[in-house]
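Peer 1: Structural data only, the sequence is not supplied:
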């Protein structure tokens, strides 16, 4: 089991997100108020604090939301979760892993600062199966998993 350490949104795509500390996950939509929320397979993005630490170790002054992730987690190895894994987020919300990593079609500001970006390799995406409030400090846990090959599309 892990913890949610940041809940982040942005008004526009292609920008860093701000930690709003709590938010509502909406079924088949994503995080309420976020630019990426809509009915598609990448409704909510997650990145582990452990992944952010790798970039900090390269000398970057980065933190939660700087990689445009919605939920920053701690204590759960996100990148090892297979497609189809169900995650309980907070007390009510339920998500399903739909994609591991993503193709980086356009280099982001982080890439140009560090010569690397961890989100395309270690970020994951979920769709919201059951809505609910998520807050900093909430638990995140694997409740079931299916084994499907990872999709990096």
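Peer 2: Done, it's in. Just so we're clear, the structure is a prediction, and the values are computed from it rather than from any experiment.
Peer 1: Beta-bridge partners for the nearest residue to residue 91 once chain neighbours are set aside, please?
Peer 2: Once flanking residues are discounted, residue 91 sits nearest to residue 132: 6.6 Å by CB to CB, 6 or more residues apart in numbering. (C-beta placed from N, C-alpha, C; glycine too.) Under the criterion DSSP bridges, residue 132 forms beta bridges with residue 25.
Peer 1: Centroid-nearest residue for this structure?
Peer 2: Geometric centre of the chain, nearest residue: residue 46, 1.2 Å, by CA atoms, centre = their mean.
Peer 1: Could you count how many residues lie near residue 27?
Peer 2: By the criterion of other CB atoms under 10 Å, residue 27 has 15 neighbours.
Peer 1: An error on my part: the question was meant for residue 130.
Peer 2: Residue 130 has 14 neighbours, counted by other CB under 10 Å.
Peer 1: roughly how far apart are residue 129 and residue 27?
Peer 2: 7 Å (CB to CB, to the nearest Å).
Peer 1: Downstream of the worst-scoring helix or strand of the chain on mean pLDDT, the next helix or strand is which one?
Peer 2: Ranked by mean pLDDT, DSSP states H and E, the helix or strand of the chain with the weakest confidence is helix 109-114, at a mean of 61. Sequence order places helix 119-122 as the next helix or strand after helix 109-114, per DSSP states H and E.
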